[in-house]
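Novice: The sequence and its predicted three-dimensional model are supplied below.
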Amino acid sequence: MFRAMRRKKQLLSLEETTAVLNRGTSGVLALSGDGGYPYAVPISYVYDGEKLYFHCAKSGHKLDAIRRNEKASFCVIDQNQIVPEEYTTYFRSVIAFGRIRILEDETEKRAAIEKLALKYTPDGTAEDREAAIRREWEPMCMLEMEIDHITGKEAIELVRGRN
């Protein structure tokens, strides 16, 4: 169902792909938007080794799109070094395809927001995270993306630099 990468030498290993997701702080979530137009939105996230989690408001374009079609893709750019003399960029990125669901269960929602809070405030105290979660709980929605397919890719120049 998913296409194989044409330039297999540039394929990142699963470990490298996971590292990109763990390092990243934001990516672009692509959904099927209004009127059949693609809807791609920058968003922060957390990856727990299996699934991706996002937070958003309880209403809006993103949720409407998810309710219509649960399929999505999510892209994270890890590196994008412009090399003008070569007319190229030395890039590294990951793209995940999967299905998103809105977390309705309070326990699941709570576990997801705690993962997100810990990622973005690793040096904060548990009390500070708890206060922030309590403050934002009512207007907040949590999303979970189950990954069906994932690939990482980097510029051939980066591949050659490692060999």
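Specialist: Happy to help now that I have it.

Novice: now this protein, which segments are flagged as low pLDDT?
Specialist: 161-163 (pLDDT under 70).

Novice: The same query, at a cut-off of 80, please.
Specialist: For the chain, the stretches with pLDDT under 80 are 1-11, 89, 155-163.

Novice: where exactly do the strands run in it?
Specialist: 26-32, 38-44, 46-47, 51-57, 71-83, 88-102, 140-154 (DSSP state E).

Novice: Now do the fourth one: everything it contacts.
Specialist: So that's strand 51-57. If you take C-beta atoms under 8 Å, 6 or more residues apart in numbering as the criterion, strand 51-57 is touched by 21, 29, 43-47, 62-63, 74, 96, 98, 112-113, 115-116, 139-147. In short, each C-beta sits where N, CA and C put it, glycine included.

Novice: Can you select the buried ones from those in ChimeraX?
Specialist: Of the contacts of strand 51-57, the buried ones can be selected in ChimeraX as follows, counting by 16 or more other C-beta atoms under 10 Å:
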select :21,29,43,45,46,47,62,63,74,96,98,112,113,115,116,141,142,143,144,145
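
Novice: Centroid-wise, who is the farthest residue in the protein?
Specialist: The C-alpha centroid of the chain is most remote from E85, which lies 31.7 Å away (C-alpha atoms, centre = their mean).

Novice: give me every residue that touches that residue.
Specialist: So E85 contacts nothing (C-beta under 8 Å, 6+ apart).

Novice: And the one 3 residues further on, by the same measure?
Specialist: Residues in contact with T88 (C-beta under 8 Å, 6+ apart) are 155, 157.

Novice: which residues pair with it across the strands?
Specialist: V83 (DSSP bridges).

Novice: I appreciate the help and will end here.
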